[in-house]
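J.: 3D model of this:
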Amino acid sequence: MTDLTKDIIGLDSSGTLDGLFRERVRRSGPLPAYRTFDRESRQWRAVTWSEIAGDVGRWQAALAADGLAPGDRVAVALRNGPEWVALDQAALGLGLVVVPLYPEDRPDNLAYILADAGVRLLLLQDGPAWRRLAEGLGDLPALQRVLLLAIGRSGTDPRGTDRRVQLVDDWLAAGREPPPPRTGDGHALATIVYTSGTTGRPKGVMLSHHNILWVTDAALRVIDCYREDLFLSFLPLSHTLERTAGYYLPMAAGACVAYARSVQQLAEDLQQVRPTAMIAVPRVFERFYARIQQQVRRQGRLAQWLFDLTVDVGWQRFQRAHGRARWSSRLLLWPLLRRVLADKVVGRLGGRLRLAVSGGAALAAPIARTFVGLGLNILQGYGLTETSPVISVNTVEDNDPASVGPPLPGIDLRLDEAGELQVRGPGVMMGYWKNPEATTRVLDADGWLHTGDRVEIREGRLYITGRLKDILVLSNGENVAPVEMEGAITLDGLFEHAMIVGEGRPFLSAILVPNAEAWQSFLRERGVDPADPGNLENERLIAQVLARVDDRLRGFPGFAKIRRVLLSPEPWTVDNGLLTPTLKVKRARVLERYEERLDQIYREGPGGARRRAV
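T.: Numbering: from 1, shown residues only. I've put the predicted structure just below:
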């Protein structure tokens with residue numbers, strides 16, 4: 001990119017999140033703010049800042065006509081798009097509190113959040129989304145309005161069965177003039193974000209306007225972002241990382257955001273949109289990595305050798321640029337290797353990516369090394385919903401992919417005796433909604449938030465070593481950190497997910513979800529009929545699976561050996577409740593799902609029916 005322009009709206013110029021929006025509209029009115037895919041014309045369409053401001057005004061007038069008062073909660077469960085922004089900004093501009101919901105979340109979870117937050121207005125995608133939710137909604141006296149973007153393709157019109165339900169177009173038409181811009185309190189509650197925890201009911205994290213704006217401002221001090229940048233948004237806006245770094249941060253920088261059609265179409269959207277920046281979770285890079293590895297293996301040994309050489313030389317070049325490696329004559333190969341292979345692989349991500357931020361979980365070292373070696377700037381960061389959410393992030397100029405970078409300027413860190421990281425700073429939450437007991441467990445009187453993460457701090461950088469709660473203690477007293485082992489297992493493209501169990505047990509077992517495509521290839525290579533459901537109980541095949549797991553865990557201590565495996569015939573998804581919206585495994589739910597079979601294998605012992613499948 002050439003002729004880059006910085007036009008950052010600082011914290012002092014915005015005051016509130018709606019103030020940030022108004023200032024951006026004032027500065028950049030005719031410039032593109034968002035891009036969406038028009039399914040009728042099958043073209044990408046641009047929406048300017050002035051156009052989105054007009055939409056926000058109409059939404060704000062309709063909200064005011066509904067009699068909502070400052071502090072009332074409104075919820076949004078939409079796919080990413082300009083409508084999400086319109087409701088968010090309209091609500092914030094009236095002093096309302098926005099409750100983001102994951103649109104594909106389970107109805108019982110959504111119903112719990114709506115009741116707990118006392119939501120008065122709910123925005124949904126369409127009629128089918130409302131029908132799924134309404135069945136288990138129960139009595140919600142606070143909920144006075146349900147808005148739908150569309151009726152949907154099937155089923156009856158839900159407006160005839162519930163007086164609260166209304167189409168957005170009809171609702172907007174009934175609005176009056178929007179109220180004048182307010183002068184809001186930056187320290188007032190802006191949003192309640194319910195954590196999609198891997199155990200228990202979600203807790204409502206209360207974040208102020210200032211919490212989020214401060215993190216946005218601090219991030220823009222360490223990562224350059226320009227008006228000419230184009231972000232591709234595909235993580236759900238209910239995820240605080242996407243909302244802060246993929247929505248408010250581009251707004252503060254004046255950058256444009258393109259909304260991906262779906263995760264399934266992400267590869268195609270990357271090619272069409274050709275973004276310069278994107279925010280992602282490690283699972284996205286893991287899937288790209290697995291696909292690349294499969295394609296290289298199919299092309300034979302020469303292709304594998306060339307790929308490995310390119311990554312090795314590219315990694316050495318990266319390390320030397322950061323002062324961590326010496327010059328080598330092999331670096332002279334880089335221009336050729338980049339032209340022949342690296343640029344082609346990175347080109348699948350659009351070919352213009354200036355930076356990609358990975359957060360939400362640890363990015364496995366081999367994956368980071370591969371993409372960085374191919375020339376993609378992956379900046380690993382770290383944070384929590386409770387910290388709005390960024391605590392630390394690497395920078396383009398000083399990137400160590402093994403770490404999650406130094407803390408944002410203005411954040412204080414300390415470690416307790418167990419190595420747990422505690423943080424204090426302007427981005428730390430106000431507390432948990434209606435849950436003072438949970439708040440005091442993690443947030444002390446001096447403002448230190450207990451993260452629950454074990455961390456090492458070396459030369460000012462954070463290195464995550466594990467979660468305190470994720471440690472498994474075997475019956476022999478050995479402590480095992482399962483997350484690192486699970487990450488090592490899923491680097492084998494044969495496995496989509498892995499979860500290690502063994503708390504209080506005499507040995508470790510693993511529940512594995514095979515990758516559908518890779519599993520089919522695995523079976524065909526061994527002359528086995530892929531359509532045979534008995535494959536998951538084939539002792540010879542399970543023995544080979546266990547051998548592959550052993551190979552992936554070769555570098556771990558001897559006591560961290562997997563003795564039994566269970567192969568799951570069903571995928572783990574958000575819909576069936578086994579993954580969070582950010583694609584983390586819900587450990588408690590998985591344990592509950594496989595409780596009976598796990599009890600069986602532990603009764604049998606490490607040698608009895610060792611190769612049995614689920």
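J.: Could you break the protein into its assigned domains?
T.: Domain segmentation of the chain under automatic domain parsing yields 11-273, 281-467, 472-604.
J.: Reformat these as a markdown table; add mean pLDDT and distance to Asp3.
T.: For the C-beta atoms, the positions are set from N, CA and C on the backbone; glycine is no exception. Rendered in a markdown table, the data for these read as follows (pLDDT from 0 to 100; distance: least, C-beta to C-beta, whole Å):
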| stretch | mean pLDDT | distance to Asp3 |
| --- | --- | --- |
| domain 11-273 | 93 | 7 |
| domain 281-467 | 94 | 14 |
| domain 472-604 | 86 | 36 |
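J.: Export those domains as a markdown table, with columns for mean neighbour count.
T.: Putting those into a markdown table (neighbours: other C-beta atoms under 10 Å) gives the following:
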| stretch | mean neighbour count |
| --- | --- |
| domain 11-273 | 19 |
| domain 281-467 | 18 |
| domain 472-604 | 17 |
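J.: tell me which element Ile464 falls in.
T.: strand 461-467 (DSSP states H and E).
J.: How about residues contacting the lengthiest helix in the chain?
T.: Taking DSSP state H as the criterion, the chain has its longest helix at helix 301-321. When contacts are defined by C-beta atoms under 8 Å, 6 or more residues apart in numbering, helix 301-321 is touched by residues 296-297, 325-328, 330-331, 333-334, 337-338, 340-342, 369-370, 372-375, 399.
J.: ok, Arg297 to Leu523 distance?
T.: Between Arg297 and Leu523 the distance is 16 Å, computed by C-beta to C-beta, to the nearest Å.
J.: I meant to write Ala245 there.
T.: As judged by C-beta to C-beta, Ala245 and Leu523 stand 41 Å apart.
J.: What would the helix or strand that contains Glu268 look like as PDB? C-alpha coordinates only.
T.: Here Glu268 sits within helix 266-273, counting by DSSP H and E. This file holds the C-alpha atoms of helix 266-273, laid out as PDB (Å, rounded to 0.1, in the frame of the first residue of the first chain):
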ATOM      1  CA  LEU A 266     -14.100 -17.300   4.000                       C
ATOM      2  CA  ALA A 267     -11.500 -18.500   1.500                       C
ATOM      3  CA  GLU A 268     -13.500 -17.100  -1.400                       C
ATOM      4  CA  ASP A 269     -14.100 -13.800   0.500                       C
ATOM      5  CA  LEU A 270     -10.400 -13.400   1.100                       C
ATOM      6  CA  GLN A 271      -9.800 -13.600  -2.600                       C
ATOM      7  CA  GLN A 272     -12.500 -11.200  -3.500                       C
ATOM      8  CA  VAL A 273     -12.100  -8.600  -0.800                       C
END
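J.: Centre of the chain to it, how far?
T.: Its chain's C-alpha centre and that of helix 266-273 lie 18 Å apart, by C-alpha atoms, centre = their mean, to the nearest Å.
J.: Am I right that Gly351 falls within a strand?
T.: No: under DSSP: H, G, I helix; E, B strand; the rest coil, Gly351 sits outside any strand and is assigned coil.
J.: Wait, it touches Arg274, no?
T.: Yes: using C-beta atoms under 8 Å, Gly351 is in contact with Arg274, at 6.2 Å.
J.: what's across from Ala498 in the sheet?
T.: Judged by DSSP bridges, the bridge partners of Ala498 are Leu512.
J.: any idea how far it lies from Ile511?
T.: For Ala498 relative to Ile511 (C-beta to C-beta), the value is 7 Å.
J.: any idea how far the longest helix of the chain is from the chain center?
T.: With C-alpha atoms, centre = their mean, you get 29 Å for helix 301-321.
J.: helices or strands next to the following helix or strand past that helix in the packing?
T.: Using DSSP H and E, the helix or strand that follows helix 301-321 towards the C-terminus is helix 334-337. Under the contact definition 3 or more C-beta pairs under 8 Å, 6 or more residues apart in numbering; DSSP states H and E, helix 334-337 sits against helix 301-321.
J.: Fine by me, we can end here.
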